[in-house]
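Q: Here's my sequence, what's the structure:
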Amino acid sequence: MRPPSRMDETPSSAMRRHSRNPSSTNRTIPRVLLTSRLAAGDKSELANGNWLHLGNGLYTEPLPADPRRPWLRERHFFLSELRVLAQRTTGDPIVIAGEAAACIWGADLLKMPEHIDYYQSGGATARAVLNYAHRLHPRRHKSLGIPGAHVCEVDGVYVTDRLRTALDVGRWSNTERAVVAISSLMRQLIDSDDWWDRRSAGLLRKDEARIKEQIIGTLDGAGTKAGLARARRRVVCSSALCDSAGESRLWWILQLFGFPLPEQQHLIVTEEGLRFADFAWPQWKRIVEFDGMEKLQQAGGKEGLEQLFAREDALRRAGWQVMHVRWRDLSDPHSLARRLHRFLSPEASVRIRVRNELL
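A: Below is the predicted model of the structure:
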């Protein structure tokens, strides 16, 4: 339990406290320059082409190229726009929330948000601030209504903490996007230093249950009733045991179409050693594996691919049947559901039915 003084803290006092004790987080949000206010050194950097044009006199610091992760560029520009909003909004300080906050925390997102959700107790709306040809639409939530303990400072920008961010994503985003973001936030809340050891010991499920209780526990101090039932449902549907956004989407699809829920990160003993399955139905000896770009890149060259093939051969010799799902399969959930049905139905009495409450 948090100390009473922290629980009773107001958002404004939390902001002052964080100002006195700046976050130790490394730079997460890019710097932004306004050409009308450039220092001499900045002008030199700009002239050398070392800054990226953000729009109408705004520039953001450069981003190292990473051909394996092209989406980083879009995230970089989005975070730059968050800084513009945070620094140039008049009136009371704003607190970034929802999927925008999840982006600051580095959580998986299905796509970059179309809106910037933020809390502000008073002051001018931020819409006029973002008139630099920005494509995003700020959505202001006037009543902060959250304890100061759930407000953090990340690289000079106020943001809801991971627990409150997960709650707000559950309130405002659609179910698929919410499951992806909340699952990632919960995964971050599990100590990453011993994540693999805890997986081997079968403790991740207990960790996940504890974190879900913490997120749902923030409902009592949400300051509003709007969307809380929806948020609770989406938190329950999310899973910290999903390794990636793709696995989270697949987890959502399995629930959406009413499939019997599999065991996640299921430990299997094979002649090649211990193996973990993404989604397993031990009673039917069925495994569904999500093959994301990261897994394929880790496989790398010939040796990595041989290890993947050896892993699957060992599973098959142990009596398991394996189905692979890739990113392109997730773009058509109905087609994927039919394929999953064919894979599972020989052993299980599975009837596809869409759960409308998860749409």
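Q: Quick check: residue 343 is in a strand.
A: No - counting by DSSP: H, G, I helix; E, B strand; the rest coil, residue 343 is not found in a strand; it is helix.
Q: Looks like it contacts residue 287 (just checking).
A: No - under the contact definition of CB atoms under 8 Å, residue 343 does not touch residue 287, with a separation of 9.8 Å. Bear in mind the C-beta positions are built from the backbone N, C-alpha and C, glycine included.
Q: Same drill for the two, tell me which one is more crowded.
A: Neighbours per residue, other CB atoms under 10 Å: of residue 343 and residue 287, the larger number sits with residue 287, 25 against 19.
Q: got a list of what that one touches?
A: By CB atoms under 8 Å, 6 or more residues apart in numbering, the contact set of residue 287 is 266, 277-281, 315, 320-323.
Q: and what of residue 216?
A: Contacts of residue 216 by CB under 8 Å, 6+ apart are 232, 235.
Q: What is the three-state secondary structure of it?
A: For residue 216, the assignment made with three-state DSSP gives helix.
Q: circling back: touching both of residue 343 and residue 287, which residues are there?
A: 321, 323.
Q: check which helix or strand covers residue 69.
A: Assigned by DSSP states H and E, residue 69 falls within no helix or strand.
Q: Mind checking which of the contacts of residue 287 land in helices?
A: residue 315 (DSSP state H).
Q: Keep only those of the contacts of residue 287 that are in strands.
A: 266, 277-281, 321-323 (DSSP state E).
Q: Return the members of the residues you listed classed as buried.
A: 266, 277-281, 321-322 (16 or more other CB atoms under 10 Å).
Q: May I have stretch 76-91 as PDB, with CA atoms only?
A: What follows is stretch 76-91 as a C-alpha-only set of coordinates in PDB (Å, rounded to 0.1, in the frame of the first residue of the first chain):
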ATOM      1  CA  HIS A  76       9.500   9.500 -33.300                       C
ATOM      2  CA  PHE A  77       7.300  12.200 -35.000                       C
ATOM      3  CA  PHE A  78       4.400  11.400 -32.700                       C
ATOM      4  CA  LEU A  79       6.400  11.800 -29.600                       C
ATOM      5  CA  SER A  80       7.800  15.100 -31.000                       C
ATOM      6  CA  GLU A  81       4.300  16.400 -31.400                       C
ATOM      7  CA  LEU A  82       3.500  15.400 -27.800                       C
ATOM      8  CA  ARG A  83       6.400  17.600 -26.700                       C
ATOM      9  CA  VAL A  84       5.000  20.500 -28.700                       C
ATOM     10  CA  LEU A  85       1.600  20.000 -27.000                       C
ATOM     11  CA  ALA A  86       3.100  19.800 -23.500                       C
ATOM     12  CA  GLN A  87       5.400  22.700 -23.800                       C
ATOM     13  CA  ARG A  88       3.200  25.200 -25.700                       C
ATOM     14  CA  THR A  89      -0.100  24.700 -24.100                       C
ATOM     15  CA  THR A  90      -1.100  27.700 -22.000                       C
ATOM     16  CA  GLY A  91      -2.700  27.500 -18.500                       C
END
